[in-house]
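K.L.:
give me a 3D structure for the following:
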Amino acid sequence: MNIKNLLVSFLLILTVSCTKKGVTPLPNNKVKNDTLKSSYSHPKSSYCEDLAKGYYKKFGILISNFYEVGSFIPYDFNNDGVTDTIAILNPFTSIPMTKNFSECYSKEVNDRLLVFIKNDGSRSTIYKVYSNIVSNEISPAWEGGEFLKSEKDGYSLIGDKGQGCKFEYEIFIKQSNSLFLLDNIKMSFYCPNKKIIEKKYNYKDEKISLDDYNRNVIDSLKTINNF
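P.N.:
Model (predicted):
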């Protein structure tokens, strides 16, 4: 392994070890087994607070109107033969160039959530909620975030950043028994009329659980590669 790859591995370990785990990100009174609440408030705008009030039913659970479903995949993550759901929920304030963004955006409550919803065949419950996995980046030109893609033995989180020059990445999470482990990260960077630069980092040997991964890893790899 060359010096740069050693540095990348060290940086990844440092990033995941120095960040607080993101499982169940909301206070206990904000997450119930079948209801996902929000702590959003906007004392200066009744318009914004009214939009966030109430709940809607999706995937068999109740979700605060503060969140919109951004991406989801069916997935039997507990191997019981019943299809569960993995979903990304975006704050309604995360769509740029809209009134909701310009008037209602809050730095205090802006996390996109990665939610695991368990279905036992008769009812659905919230299995896990991660607040520090999905990118929170917002651009004036696009919504940002990431989307889910089903894979053999796991799933991928796919995202991109930039407008003229594009940085794209794919995070493959592989299931090993009941655990989700970081398997590899693919990245590419390109500008118009220039050669595409591609990188792939394998993490099979590190055994990094999804519980220990966080969104800062992508920014760290982007920086170290000067993308």
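
K.L.:
wait, Thr83 sits on Lys118?
P.N.:
No. Here Thr83 does not reach Lys118: they are 10.4 Å apart, not a contact under C-beta atoms under 8 Å. Where you see a C-beta, it was placed from the backbone N, CA and C, and this is true even at glycine.

K.L.:
neighbour count winner among these two?
P.N.:
Neighbour totals were compared for Thr83 and Lys118, and Lys118 leads with 21 against 12 (other C-beta atoms under 10 Å).

K.L.:
the more buried one and Thr125: what is the separation?
P.N.:
5 Å (C-beta to C-beta, to the nearest Å).

K.L.:
now Leu210
P.N.:
19 Å.

K.L.:
and the residue positioned nearest the centre of the chain, its phi and psi?
P.N.:
Central residue of the chain (C-alpha atoms, centre = their mean): Val134, 2.0 Å from the mean position. Torsion angles at Val134 (phi, psi; degrees, to the nearest 10) stand at phi -80, psi 140.

K.L.:
now it: how far from Leu51?
P.N.:
Distance, Val134 to Leu51, using C-beta to C-beta: 21 Å.

K.L.:
again, but for Ile224
P.N.:
40 Å.

K.L.:
please say which of those two ends up with more neighbours.
P.N.:
For Ile224 versus Leu51, the count of surrounding residues by other C-beta under 10 Å is larger for Leu51: 19 against 14.

K.L.:
where does that one sit: helix, strand or coil?
P.N.:
On the three-state scheme (DSSP: H, G, I helix; E, B strand; the rest coil), Leu51 is labelled helix.

K.L.:
same check, this time on the one 5 residues further on
P.N.:
Using three-state DSSP, the three-state assignment for Tyr56 comes out as strand.

K.L.:
returning to that earlier point: surely the residue nearest to the centre of the chain is in contact with Val115?
P.N.:
No. With contact defined as C-beta under 8 Å, Val134 does not reach Val115; the gap is 10.1 Å.

K.L.:
anything in contact with each of these two?
P.N.:
Ile88 (C-beta atoms under 8 Å, 6 or more residues apart in numbering).

K.L.:
quick one: pLDDT of the residue lying farthest from the centre of the chain?
P.N.:
Ranked by distance from the centre of the chain (C-alpha atoms, centre = their mean), the top residue is Asn193, with 31.4 Å. Note on Asn193: pLDDT of 87.

K.L.:
do Asn226 as well
P.N.:
Taking Asn226 on its own, its pLDDT is 85.

K.L.:
gap between it and Ser135?
P.N.:
Distance from Asn226 to Ser135, by C-beta to C-beta: 19 Å.

K.L.:
look at these two and report which has more neighbours.
P.N.:
Applying other C-beta under 10 Å to Asn226 and Ser135 shows that Ser135 carries more neighbours, namely 18 against 7.

K.L.:
contact partners for that one?
P.N.:
Per C-beta under 8 Å, 6+ apart, neighbours of Ser135: Arg112, Gly144, Gly145, Glu146, Gly159, Lys161, Arg215, Ile218.

K.L.:
which among the residues you listed count as buried?
P.N.:
Arg112, Gly144, Gly145, Glu146, Gly159, Lys161, Arg215, Ile218 (16 or more other C-beta atoms under 10 Å).
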